[in-house]
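Novice: Return a 3D structure for these sequence lines:
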Amino acid sequence: MGQFAPSNSDTAQYVVPTTGSTVVCANSTTLLLLNPASVLATLTVTLPPNPVDGQRFVMAAGALITLLTINGGTVKGLITTLSLNGYARFAYSVDANAWFRTG
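Specialist: Numbering: from 1, shown residues only. Next up is the predicted model:
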């Protein structure tokens with residue numbers, strides 16, 4: 001994957017999750033910063049509930065997440081793990097009614 005560069009228009013949500021947690025994103029969240037104290041066996045992330053066409057969403061992890069569950073709509077290019085210092089980018093399409101992984 002390429003470099004991740006946040007923009008000035010990102011609305012960040014910072015979370016220190018624990019294993020088994022569920023992180024629910026706000027509608028305005030475009031950047032989810034996950035900073036667990038150590039490796040997480042499991043984590044669930046719920047995407048913004050009312051996305052608009054073209055909305056971007058990035059999640060970045062400060063620790064390994066072994067089993068990642070993403071819910072809150074259809075996701076094309078779903079990931080199930082996030083590496084140490086890893087990230088994933090998504091964009092929403094109203095026409096497809098789905099989030100597409102873009103990086």
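Novice: Tell me how many other residues surround the closest residue to Y87 other than its chain neighbours.
Specialist: Of all residues not flanking Y87 in the chain, A60 sits nearest, at 4.0 Å (C-beta to C-beta, 6 or more residues apart in numbering). Quick note: C-beta positions are derived from backbone N, CA and C, even for glycine. Neighbourhood size, A60 [other C-beta atoms under 10 Å]: 18.
Novice: next structured bit after the helix or strand where A60 lies?
Specialist: Per DSSP states H and E: A60 is located in strand 56-61. Using DSSP H and E, the helix or strand that follows strand 56-61 towards the C-terminus is strand 65-71.
Novice: what is the mean pLDDT for that following strand?
Specialist: Average pLDDT, strand 65-71: 97.
Novice: Could you pull out the buried residues of the helix or strand following it?
Specialist: Helices and strands here follow DSSP H and E; after strand 65-71, the next one along the chain is strand 74-76. For strand 74-76, a neighbour-count test (16 or more other C-beta atoms under 10 Å) marks V75 as buried.
Novice: Show me what the following helix or strand past strand 74-76 is packed up against.
Specialist: Once the chain leaves strand 74-76, the next helix or strand it forms, by DSSP H and E, is strand 87-93. For strand 87-93, the packing partners by 3 or more C-beta pairs under 8 Å, 6 or more residues apart in numbering; DSSP states H and E come out as strand 56-61, strand 98-101.
Novice: for the last one, packing partners?
Specialist: Meaning strand 98-101. Short answer (3+ C-beta pairs under 8 Å, 6+ apart): strand 98-101 packs on strand 74-76, strand 87-93.
Novice: gap between that strand and the chain center?
Specialist: 11 Å (C-alpha atoms, centre = their mean, to the nearest Å).
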